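S.K.: just a sequence and a predicted model for now, questions to come.
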Amino acid sequence: MPVLWRALAAILILGGLILLLVESRARILRAGTEVRLATAPVDPRDLFRGDYVILNYKISTLDPATLDGEKALTRNQIVYVRLAPGADGFAEAKGIYLAKPALVPGESVIEGRVTSTGSCLARADGEPDCNLGTRAIRVAYGLESYFVPQGTGLAIERTDRKRIEIIAAVAPSGQAAIKRLLIDGKLVHAEPPY
């Protein structure tokens, strides 16, 4: 009889862990602060998982010299980027920190990892320019790939990047999840909470 109880306990523990993972993401999608992110799609397909787009965000390439907070960062550091809506409504980076900063109303903070400390800065049109004289850092937020319904990845990838935006939900902890993908302000795909 003890073997049966151990097996049942193991099944319950594993089931509980799976539910915990699903609920943590669902909690971000339900209760996280929404931020609009301008994107640039890159790649449309994965043989095993179907269509997806790889997304590059304006807030992914940052110049610490122009932001509040940390100036000297190293690869693989966990950072917190303070965001505020810009004049166009899209989130703009206002500061980069090693610990969660204090926020004013309307701001949010997103957690990321420094992936590079020698990137080229982006010009006003969003294209990289290595001749601007300074180097930027690249930050990954876990929002860089997004799976979409089968057959739609290539169409999204071919869409002009200025027409695509992501609505991401950001939890108070800084964790984020993609909530909706829009083209020209129209919903293309919404992430179900479960």
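M.R.: Perfect, thanks for sending it.
S.K.: tell me which element Gly95 is part of?
M.R.: Using DSSP states H and E, Gly95 falls within strand 91-97.
S.K.: what comes into contact with that strand?
M.R.: Contact with strand 91-97 is made by 35-37, 58-59, 62, 64, 67-70, 73, 79-86, 101, 107-108, 137, 139, as judged by CB atoms under 8 Å, 6 or more residues apart in numbering. C-beta here means a position set from N, CA and C on the backbone, and glycine is covered the same way.
S.K.: which residues of the chain score low on pLDDT?
M.R.: 1, 40-50, 122-129, 132-134, 194 (pLDDT under 70).
S.K.: find the centremost residue of it, please.
M.R.: What sits nearest the mean C-alpha location of the chain, by CA atoms, centre = their mean, is Leu143, with 2.9 Å.
S.K.: and it, how close does it get to Ala9?
M.R.: 37 Å (CB to CB, to the nearest Å).
S.K.: with Ile18 instead?
M.R.: Ile18 sits at a distance of 15 Å from Ala9 (criterion: CB to CB).
S.K.: so what strands line up beside the lengthiest strand in the chain?
M.R.: When the chain is scanned for its longest strand (criterion: DSSP state E), the result is strand 108-122. Paired neighbours of strand 108-122 in the sheet (DSSP bridges): strand 78-85 (antiparallel), strand 128-129 (antiparallel), strand 135-140 (antiparallel).
S.K.: and the contacts of that strand?
M.R.: 33, 35, 58-59, 61, 63, 73-83, 91, 100-101, 103, 128-130, 132, 134-142, 168, 170, 173-176.
S.K.: torsion angles phi and psi at the residue nearest to the centre of the chain?
M.R.: For Leu143, the backbone dihedrals (degrees, to the nearest 10) come out as phi -110, psi 20.
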